[in-house]
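Participant: predicted coordinates and the sequence they were generated for:
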Amino acid sequence: MRALHTLSRRLVALADACLPATCIVCAGDEPAGICAACENDLPGSHARRCIRCGLLVDAPGERGANAERSASNRHEASLDCSACVAAPPACARTIVLADYAAPLDRVVHALKFGRDASIARPLGSLLAHRADETIDSLPARLQSTLVVTAVPLATRRLAARGFNQSLEIARAFARARSLPLEHRLLARRRDSAPSSTLHAHERRAALHGAFDAPQRLDGRVVIVVDDVMTTGATLEAAADALLRAGAASVINCVVARTPDR
């Protein structure tokens with residue numbers, strides 16, 4: 001399986017070198033994989049968010065002329081939503097690229113179900129850029145402990161899909177930031193029903209204790225990469241396992257956050 005994945009990555013890299021690069025959103029010519037206009041228009045990319053759970057904390061209707069102000073002020077204050085103040089999650093931060101809405105939902109769907117792993121690279125690079133300020137603000141002693149990992153797929157879904165889309169995003173993220181990638185930091189204890197089929201309380205129950213962290217992580221800061229964050233139950237279970245293994249803190253980095261309904 002490992003040899004097959006290595007061969008697959010090399011074939012994709014060869015195709016990238018031979019074929020013209022296009023924007024993953026508008027399909028226009030773009031060597032970086034996503035053009036500046038499409039990046040700027042990603043849904044919710046300029047909004048202020050809770051630093052812990054990644055949900056929007058903008059005032060209703062704050063868009064348009066206020067979007068640029070929101071973007072420039074995105075990291076000026078530590079914002080926690082009322083839910084995270086009342087019950088702080090296990091993670092220290094959640095960094096979100098954009099909302100799970102058109103056209104990003106179509107892009108993520110093509111990555112996961114269209115089996116187009118090449119989409120992961122521009123998404124991972126963009127997510128790494130979004131995380132720059134958070135990572136660069138860490139004390140030097142913590143920056144030296146940073147490690148990147150990804151939420152592991154259930155065995156059956158990995159076999160059916162052929163690759164873990166979150167790991168491919170994490171691979172591009174780690175490369176963009178020159179950070180070590182360790183994909184075995186998390187292991188699933190059991191396969192559960194696809195989370196998209198469960199309600200929020202069912203997800204939390206199904207995912208409680210769902211992960212192990214086999215390695216000791218004494219004092220390390222772990223960046224956990226995932227494609228879509230909905231209720232946060234998966235990432236909460238992952239953070240719990242990593243903290244139990246001795247991680248100093250956990251930072252979630254997700255491509256898309258489902259808006260709070």
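Facilitator: Here it is on my side, so go on.
Participant: CA atoms for contacts and neighbours, from now on please.
Facilitator: Noted.
Participant: can you confirm residue 51 is in a strand?
Facilitator: No - Residue 51 sits outside any strand when classified using DSSP: H, G, I helix; E, B strand; the rest coil, being coil.
Participant: need the strands for the stretch 151-261 of the chain, in chain order.
Facilitator: Per DSSP state E, counting those that start in this stretch, the stretch 151-261 of the chain carries strands over the ranges 187-188, 211-212, 221-229, 249-257.
Participant: so which of these comes closest to residue 46?
Facilitator: strand 249-257 (13.2 Å; CA to CA).
Participant: now do that closest one, average pLDDT.
Facilitator: Mean per-residue pLDDT for strand 249-257: 98.
Participant: run the angle between it and strand 221-229 for me.
Facilitator: For strand 249-257 against strand 221-229, the angle by axes from the mean of the first three to the mean of the last three CA atoms, to 10 degrees is 20 degrees.
Participant: can you show me the CA trace of strand 249-257 as CSV?
Facilitator: Extracted C-alpha coordinates of strand 249-257, given in CSV (Å, rounded to 0.1, in the frame of the first residue of the first chain):
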residue,chain,number,x,y,z
SER,A,249,-1.2,22.3,22.5
VAL,A,250,-3.2,21.5,19.4
ILE,A,251,-3.9,23.8,16.5
ASN,A,252,-6.7,22.8,14.0
CYS,A,253,-6.2,23.9,10.4
VAL,A,254,-9.2,23.2,8.2
VAL,A,255,-10.0,24.1,4.6
ALA,A,256,-13.7,24.6,5.1
ARG,A,257,-16.0,25.3,8.1
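Participant: which residues touch that strand?
Facilitator: Residues from elsewhere that reach strand 249-257, judged by CA atoms under 8 Å, 6 or more residues apart in numbering: 54-55, 90-100, 104-105, 123-124, 127, 131, 219-230, 235, 239, 242-243.
Participant: between the strands of the stretch 151-261 of the chain, which gets nearest to residue 85?
Facilitator: Using CA to CA, the nearest of the strands of the stretch 151-261 of the chain to residue 85 is strand 249-257, at 17.3 Å.
Participant: chain center to that closest one, what's the gap?
Facilitator: Put simply, strand 249-257 sits 5 Å off its chain's centre (CA atoms, centre = their mean, to the nearest Å).
Participant: quick one on the thing from earlier: relative to residue 28, which of the strands of the stretch 151-261 of the chain is closest?
Facilitator: Using CA to CA, these put strand 249-257 closest to residue 28, at 21.2 Å.
Participant: adjacent strands (with direction) for that closest one?
Facilitator: strand 93-99 (parallel), strand 221-229 (parallel) (DSSP bridges).
Participant: pLDDT wise, what is residue 169 at?
Facilitator: 98.
Participant: got it, and the one 5 residues further on?
Facilitator: What the model reports as pLDDT for residue 174 is 97.
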